[in-house]
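Visitor: Sequence and predicted structure below; questions after.
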There are 2 protein chains.
Amino acid sequence: MNISQAAKKSGVPAKTIRYYESIDLIPEAGRTASGYRVYTDKDVERLRFIQHARGLGFSVKDVGDLLALWQDRSRASADVKALAARRVEEIDRKVAELQSMRDTLTHLMDRCHGDDRPDCPILESLAEAGDGCGGCH
Amino acid sequence: MNISQAAKKSGVPAKTIRYYESIDLIPEAGRTASGYRVYTDKDVERLRFIQHARGLGFSVKDVGDLLALWQDRSRASADVKALAARRVEEIDRKVAELQSMRDTLTHLMDRCHGDDRPDCPILESLAEAGDGCGGCH
DNA sequence: CCTTGACCTTCCAGCCGCTGGAACGCCCAC
DNA sequence: GTGGGCGTTCCAGCGGCTGGAAGGTCAAGG
């Protein structure tokens, strides 16, 4: 099958497949006499694997490691689990960071009239604050 | 004061200050006879404003808008509040996405032994799943 | 006065993970 | 044979910096 069919079946855009090949995340595809890339069902399976892993937010590098583990019949499941655990930690850090931004923002918004007067604690806080709260309490 | 002092006072690295100037987020700094950039306390104040806004995750473009509103004495606080509200929405979307990844990952991890056997529902799910759950229930 | 070393300048490259577009070739149906 | 829809390559750009090279400047110490 050619690249656009592999793209459709795997959910990975054709451009992205070529990109993955260029960074050696996937092996070089076979070619027809005229230079078109050719994909097998196995290739598509691999692409789907990648797509799912990326969907869980794994970096391309980590996806590479996951692919290697997937391929390796003598892998230890502990290695996979460790990768997943690191990803969860990463997510937790990001969520905590976002939540803290959210808390600051909503707090400031509560104290802002939001009308046509210029008076605005949000701007005041951005101008003054070190702690995101502008010494408001 | 020169750029490294402005950097220290504002918390924005010197390189980043130059970058902000290059993308016109801040006006061109004054120069000494020998070409060194010169900053005033007002410049530092602006940089601190930027730093705080970036710390709340506003894009550089949005920071530009916030700066403009800050400068504009006849602004409506509603405009600022709207920007903040959009940022909160953005955060909520991101948190929801991360949480859903987290849920999938922890669910898969629960079902993975994590020992030296190769058997691993995490890899199986990545290989099979459309829903991130590999038809496990 | 000269050297040293810490600063400053500019410009170019690279990070990540694609994505768009230009400029070209190929293949099939009409 | 011609039109359009595939494929190919390569280069550029997104955001938000960050690192490094190559060179100029400045203040302190010998």
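Guide: Arrived safely.

Visitor: Name the residue most distant from the centre of chain A?
Guide: Here chain A reaches farthest from its C-alpha mean at A:R117, the gap being 40.7 Å by C-alpha atoms, centre = their mean.

Visitor: That residue looks like it's in a strand, true?
Guide: No. A:R117: not assigned to a strand; according to DSSP: H, G, I helix; E, B strand; the rest coil it is coil.

Visitor: for the residue nearest to it when sequence neighbours are not counted, what are its contacts?
Guide: Closest residue to A:R117 apart from its sequence neighbours, by C-beta to C-beta, 6 or more residues apart in numbering or on different chains: B:S77 at 5.8 Å. All C-beta atoms are positioned from the backbone trio N, CA, C, and that covers glycine. The neighbourhood of B:S77, defined by C-beta atoms under 8 Å, 6 or more residues apart in numbering or on different chains, consists of A:C112, A:H113, A:G114, A:D115, A:D116, A:R117, A:P118, A:D119, A:C120, A:I122.

Visitor: now the second one: how far from A:A78?
Guide: Distance of A:H113 to A:A78, computed by C-beta to C-beta, to the nearest Å: 56 Å.

Visitor: quick one, which of those two is more surrounded?
Guide: Neighbour totals were compared for A:H113 and A:A78, and A:A78 leads with 16 against 13 (other C-beta atoms under 10 Å in any protein chain shown).

Visitor: Enumerate every residue touching that one.
Guide: A:A78 sits in contact with B:H113, B:G114, B:D115, B:D116, where contact means C-beta under 8 Å, 6+ apart.

Visitor: Would you format the residues you listed as JSON lines with pLDDT and distance to DNA strand D included?
Guide: As requested, the contacts of A:A78 are exported to JSON lines (pLDDT from 0 to 100; distance: C-beta to the nearest atom of the strand, whole Å):
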{"residue": "B:H113", "pLDDT": "92", "distance to DNA strand D": "37"}
{"residue": "B:G114", "pLDDT": "89", "distance to DNA strand D": "33"}
{"residue": "B:D115", "pLDDT": "91", "distance to DNA strand D": "38"}
{"residue": "B:D116", "pLDDT": "93", "distance to DNA strand D": "38"}
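
Visitor: Near DNA strand C, which residues of chain A are found?
Guide: Proximity of chain A to DNA strand C (C-beta under 7 Å from any atom of the strand) is limited to residues A:13, A:15-16, A:19, A:32-36, A:54, A:59-61.

Visitor: who wins for most neighbours among those residues?
Guide: Ranking the residues of chain A next to DNA strand C using other C-beta under 10 Å puts A:T16 first, with 17 neighbours.

Visitor: That one: which element?
Guide: helix A:14-22 (DSSP states H and E).

Visitor: Give me the helices and strands touching that helix, please.
Guide: In terms of contacts (3 or more C-beta pairs under 8 Å, 6 or more residues apart in numbering or on different chains; DSSP states H and E), helix A:14-22 is packed against helix A:3-10, helix A:41-55.

Visitor: near DNA strand D at all, that helix?
Guide: Yes. Using C-beta under 7 Å from any atom of the strand, helix A:14-22 reaches DNA strand D at A:A14, A:R18.

Visitor: Quick check: next helix or strand after that helix?
Guide: That would be, after helix A:14-22 and using DSSP H and E, strand A:30-31.

Visitor: Parallel or antiparallel, list what pairs with that next one.
Guide: The pairing partners recorded for strand A:30-31 under DSSP bridges are strand A:37-38 (antiparallel).

Visitor: Can you pull up the most central residue in chain A?
Guide: By C-alpha atoms, centre = their mean, the mean C-alpha position of chain A lies nearest to A:G57, the distance being 3.5 Å.

Visitor: How much space separates that residue from B:A7?
Guide: 33 Å.

Visitor: Please consider this matter closed, and thank you.
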